[in-house]
Structure formats: structure tokens, C-alpha cells
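**Student:** return a 3D structure for these sequence lines:
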Amino acid sequence: MSSIAVQTVIGDEGTKATTELTYGFNSLLNNSGFQFGANSNGLFLINQGETDNLVNYERTFTLATTDLGIRNPKEFRFIYIGFSAFKGTRIDIYVHADDQKPIKHVHRAIKSGTQRARIPIDVRVLGRYWTVKVSSMKAFRVDEMEVQTNVRSSGIIGY
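**Tutor:** Reported below is the predicted structural model:
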């Protein structure tokens, strides 16, 4: 079954931008508060619970890979993220250094609820491009993100 991610609704808490999985249904039915989708793979009850065919699914929010408009390599000394999530929600930070596989730094939420986390990044982790991804098996919300950066020299000698 193919799926795409769709971003929906923006507004107050509970209706902020969310990402959900949608399937390639060719028919939809709303009957007595239940929604069904149909395609060549069968009939599916949708918008119910936290499973897909009894398998828990992971929710993810990934920011675009960016160099923040700065060409030089940089280190993120700290990332501050304000979010509402459950204990164990994972924040993956990928650093893309030239001609290398991305370096992955993982942080897990240590409590549930609304929180602001300060995530220290090893000063030896350096790269031009950075990506931040938040993942959880339960619903979460990201309110804000700030980074403390140190911009390094370009590393090009003679210019």
C-alpha cells in the first residue's frame, strides 16, 4: 500500500500543524462517525487509534536539511526545542560534513508533557548542513526550535 504524508490544520493547541499518513484510497465513506477507505488492497477503518492493521506506527517530523544560509562549516553547540511529547520521544540530529556519511546524534525526551529541552552537541561535530528529525510512537507537538551556532572558517587556504 502506498502512502504520502500530508500536513493539515494550523491554529491553537490541538489543531497546530500535524503530519498524518494517507493512503491511495479510491473511495471514502463516512458512516455514523466511522471513516472507511477502500482501494485494491481492501477496506480499511481509518482515523481510529494508533495502529495500522494492529501495528503501531511511528510519527515523524523532519525539518528540511539546511545550512542556515551560511556556507561555512558550523557546529551547533546547543539545540533548544520546545515541544509536548511523551517520555522516550526521539530527536535525531544529522550533521552532513563534506564527503562523509552524516553523523547522527540522538536525544530522548526524559519526561512526558510540555517541555523545553536543551540538547548539547559535541563540539567536535562539525558540518555545513544539518537536519533535525523528531520521532515518536505517540502524538507530539513541536512549538519552537533555536540553535546556538559557532561558524568556523571556510577551510579553504589561499583565498
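
**Student:** how about W130, nearest residue that isn't a chain neighbour?
**Tutor:** Residue nearest to W130 in three dimensions, not counting chain neighbours: V95, with 5.8 Å by C-beta to C-beta, 6 or more residues apart in numbering. For glycine as for every other residue, the C-beta is placed from the backbone atoms N, C-alpha and C.

**Student:** what of H105?
**Tutor:** I93 (4.4 Å).

**Student:** what's the per-residue pLDDT of that neighbour here?
**Tutor:** As predicted, I93 sits at a pLDDT of 92.

**Student:** cool, L68 as well?
**Tutor:** pLDDT, L68: 87.

**Student:** domain assignment for this structure?
**Tutor:** 3-57, 60-151 (automatic domain parsing).

**Student:** out of those, deepest packed?
**Tutor:** When you average the neighbours per residue for each of the domains of the chain (mean count of other C-beta atoms under 10 Å), domain 60-151 leads with a mean of 15.

**Student:** and it, how far from the chain's centre?
**Tutor:** Domain 60-151 sits 9 Å away from the centroid of its parent chain (C-alpha atoms, centre = their mean, to the nearest Å).

**Student:** and it, how far apart are its ends?
**Tutor:** 29 Å (C-alpha to C-alpha, to the nearest Å).

**Student:** just the strands in this structure please.
**Tutor:** Secondary structure of the chain (DSSP state E): strands at 3-8, 18-23, 27-31, 34-39, 42-46, 51-52, 55-56, 59-62, 74-85, 90-96, 103-108, 113-120, 129-136, 141-151.

**Student:** F34 bridge partners, please.
**Tutor:** N31 (DSSP bridges).

**Student:** mind checking how far it is from A139?
**Tutor:** Counting by C-beta to C-beta, to the nearest Å, the gap between F34 and A139 amounts to 20 Å.
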